[in-house]
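Novice: Generate a structure from the sequence data that follows.
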Amino acid sequence: MEPIRIVWGTGEGPTEMASYDAALADAGIENYNLVSVSSIVPAGAEIDPVGTAPDLGPAGERLTVVEGRATAPPAADATAADTVSAGLGWVRDDDGPGLFYEAAGRTSPDEASRRVIEGLEAGQELRDWAFGEPEYQVVSADVAEDRHTTVVVIAAYGRSEPIL
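Specialist: The predicted structure follows:
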């Protein structure tokens, strides 16, 4: 079984989508069609925080993900915090199923971390599973003055698959 890789990135661009594409490129997954799933870790899956994804298959294929993502408009247009953050946390049994939880927004890295942990705790309360210690990854960036800024933390499930 291929691992679930945790990747992250930041990007800037003239539009929201351009900055998102740049963040995906920074994480190494810009050439895939991302298909979001809720947040259950399959039993027996290895979770590997790698930062930047290796080659996961041909361009244009489908890649299953859980995604924490936040985009901010240029700082000159904003009145909120000067930082944008995204976090993704996970908790699981040694060999059993587990949970992912994401949090993102125009917020500090500490606030994103707090929200991830709170979400994981709430999810654990809903399930009768034996959980270990939670782990998480948070990425943040200063909001650019004249460009959109995006941050992503993504759990990429295995390798890509043909979409057609």
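
Novice: Going by C-alpha atoms from here, please, whenever you check contacts or count neighbours.
Specialist: Noted.

Novice: dump the residue contacts of Glu16.
Specialist: Thr71, Ala72, Pro73, His148, Thr149, Thr150 (CA atoms under 8 Å, 6 or more residues apart in numbering).

Novice: quick one, strands of the chain?
Specialist: Along the chain, counting by DSSP state E, strands occupy 4-13, 33-36, 40-41, 47-51, 62-72, 83-92, 98-105, 135-142, 148-161.

Novice: for the shortest one, packing partners?
Specialist: For strand 40-41, the helices and strands in contact under the criterion 3 or more CA pairs under 8 Å, 6 or more residues apart in numbering; DSSP states H and E are strand 98-105.

Novice: Parallel or antiparallel, list what pairs with the strand it packs on.
Specialist: Take DSSP bridges as the rule and strand 98-105 pairs in its sheet with strand 40-41 (antiparallel), strand 83-92 (antiparallel).

Novice: From the chain's centroid, how far away is it?
Specialist: 8 Å (CA atoms, centre = their mean, to the nearest Å).

Novice: So what touches that strand?
Specialist: By CA under 8 Å, 6+ apart, the list of residues contacting strand 98-105 reads 39-43, 66-71, 84-92, 112-113, 115-116, 119-120, 123-124, 131.

Novice: what's the angle from that strand to strand 135-142?
Specialist: Interaxial angle, strand 98-105 versus strand 135-142 (axes from the mean of the first three to the mean of the last three CA atoms, to 10 degrees): 20 degrees.

Novice: Would you mark the buried spots in stretch 127-134?
Specialist: Using 16 or more other CA atoms under 10 Å as the burial criterion, the residues of stretch 127-134 that qualify are Phe131, Pro134.

Novice: I'd like the average pLDDT over that stretch.
Specialist: The average pLDDT for stretch 127-134 rounds to 94.

Novice: Now tabulate the strands paired with strand 98-105 in CSV and tack on mean pLDDT, mean neighbour count and distance to Asp21.
Specialist: Converted to CSV, those look like this (pLDDT from 0 to 100; neighbours: other CA atoms under 10 Å; distance: least, CA to CA, whole Å):
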stretch, mean pLDDT, mean neighbour count, distance to Asp21
strand 40-41, 96, 18, 25
strand 83-92, 97, 27, 15
